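> sequence unknown, structure follows:
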Ligand code: HEM
């Protein structure tokens, strides 16, 4: 590709986020990549990397690149609409990747479903589930936080958020979380086929749940709010509800799982800051931004696709090429943060872009932070003397985040 500089160290040696070295300490690689330029061609992924925050913010804000996976030059062929199963309808005809106008309509009309009252009500429903998880755990000498708590949270929070009645839980648990895999460009055809089958089943269950909810709406429940939105807004239909719910599953499962692990790890590595972090839901909200900055978990950042041949930051980008925005490169850069190696839960973030920026700002930000606060405060309430039992081994297989193979904690109870 047209990388102008000659005789530079190969880019994949400079930045290799699937290496163990990156998983253990991503900072040197992030800083080296950012130094390489504003828009850097990354040969192994056949993608451009956008490295600087003002450019990333501008791209987020103006949306001059596409968010539609099917606009990628290497995406599987977009099948004709008359051959779509529910799965294709959810993935391709997605209300959040649809044209900008429809996306904005969906965001505007669904805003009430994410209001403070609804988040409070959902939180109240999740609380007993979290209590139950810890009750079932009992008081062991040590346990794997990942297996016993973190892995259970995405399913609980998704079903409670949407309002899927418990009678459907065993059925839907089998199929619902695979939907996240369908977004992953690197999975095998067999796995994609299985994910497609599962997603079709999940959609059937969702349709059944929606039909029941239409017959008997309840207050403050995400589905009920969306059904009301549907009633009041032309252009917002049942299919928008289904795709939105699937988007929540897609965007809200892995992120939550990763956030759980790193929040516990970062606080246990910096125990002096636990009281300030957990003082209130608001203090945790800021602490979580610091946890995410300090721990840098991301590998790929956020993908966009060139809708046409274009000139971006002085480079010729061809139609269909992937552009990865990488805000995580700034996390330990002294140009952005004073004293970046210090973990300080009171650090001021201005602006705070952990949940994105502009029209595609994370829908689930409030829910994610409250649910993390709930679980992690419960952990420290139950086990005030808890410590890491070992330095957790990094799992290098996740395509987009640094995760742990297990997170063993010693309760000292
Ligand atoms: C710690 C957890 C989370 C983090 C750090 C996070 C971060 C983000 C970021 C940075 C974006 C913008 C992505 C881009 O520009 O391409 C985003 C979008 C989104 N997030 Fe989250 N998220 C989290 C949890 C959740 C949860 C729990 C949900 C659902 C309940 C959710 C739903 C969404 C949706 C639907 C979008 C797409 C919005 C749109 O395109 O209009 N996220 N998230």
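Thanks, I have the structure now. All values reported here derive from a predicted model rather than from experimental measurement.
> going forward, measure contacts and count neighbours with C-alpha atoms only.
Fine.
> and the gap between the residue nearest to residue 142 when sequence neighbours are not counted and residue 268?
Nearest non-adjacent residue to residue 142, counting by CA to CA, 6 or more residues apart in numbering: residue 410, 4.3 Å away. Residue 410 is 11 Å from residue 268, where distance means CA to CA, to the nearest Å.
> Quick check: neighbours shared by the two?
Common neighbours of residue 410 and residue 268 (criterion: CA atoms under 8 Å, 6 or more residues apart in numbering): 386, 387, 388.
> The second one contacts residue 413, correct?
Pointing back at residue 387 there. No. The pair residue 387 / residue 413 is not scored as a contact, 10.7 Å apart, by CA atoms under 8 Å.
> Settle it for me: which of those two has more neighbours?
residue 387 (19 against 12; other CA atoms under 10 Å).
> who's in contact with the more buried one?
Applying CA under 8 Å, 6+ apart to residue 387 gives the contacts 268, 409, 410, 411, 412.
> Which phi and psi values does residue 224 adopt?
For residue 224, the backbone dihedrals are phi -60, psi -40 (criterion: degrees, to the nearest 10).
> Return the residues in contact with the closest residue to residue 66 other than its chain neighbours.
Distances taken as CA to CA, 6+ apart place residue 305 nearest to residue 66, at 5.0 Å, with adjacent residues excluded. By CA under 8 Å, 6+ apart, the contact set of residue 305 is 65, 66, 67, 68, 69, 71, 72, 319, 320, 321, 322, 323.
> Can you report how many residues neighbour the fourth one?
Per other CA under 10 Å, the neighbour tally for residue 68 reads 21.
> helices and strands around the helix or strand hosting residue 32, which ones?
If you go by DSSP states H and E, residue 32 is part of helix 27-35. Counting contacts by 3 or more CA pairs under 8 Å, 6 or more residues apart in numbering; DSSP states H and E, helix 27-35 packs against helix 11-14.
> that older thread, can you pull up the bridge partners for the residue nearest to residue 142?
Per DSSP bridges, the residues bridged to residue 410 are residue 142, residue 387.
> Give me the buried positions along the helix holding residue 32.
Residues 27, 29, 30, 31, 33, 34 are the ones in helix 27-35 that count as buried (16 or more other CA atoms under 10 Å).
> just stretch 62-76 next, same as before
65, 66, 67, 68, 69, 70, 71, 72, 73.
> Stretch 293-310 too?
Within stretch 293-310, the residues that count as buried by 16+ other CA under 10 Å are 293-307.
> and the two most separated of these?
The distance between the two most remote of these (CA to CA) is 34.3 Å, for 294 and 307.
> pLDDT score for the most centrally placed residue in the chain?
Central residue of the chain (CA atoms, centre = their mean): residue 255, 3.4 Å from the mean position. We have a pLDDT of 91 for residue 255.
> Ok, the one 10 residues further on next?
Turning to residue 265, the model gives it a pLDDT of 98.
> just the one 10 residues further on next, same as before
You'll see residue 275 listed with a pLDDT of 97.
> For residue 169, which residues are in contact?
Residues near residue 169 by CA under 8 Å, 6+ apart: residue 159.
> and it, what helix or strand is that in?
Using DSSP H and E, residue 169 falls in helix 169-176.
> Briefly note if that helix comes near the ligand.
No. Contact of helix 169-176 with the ligand (CA under 6 Å from any ligand atom) is absent, the minimum separation being 13.8 Å.
> what does stretch 277-293 give?
No. Stretch 277-293 lies out of reach of the ligand by CA under 6 Å from any ligand atom, never closer than 7.9 Å.
> Which ones among the contacts of residue 305 map onto strands?
322, 323 (DSSP state E).
> one step back: and the helix holding residue 169, what's buried?
By neighbour count with 16+ other CA under 10 Å, helix 169-176 contains the buried residues 172, 175, 176.
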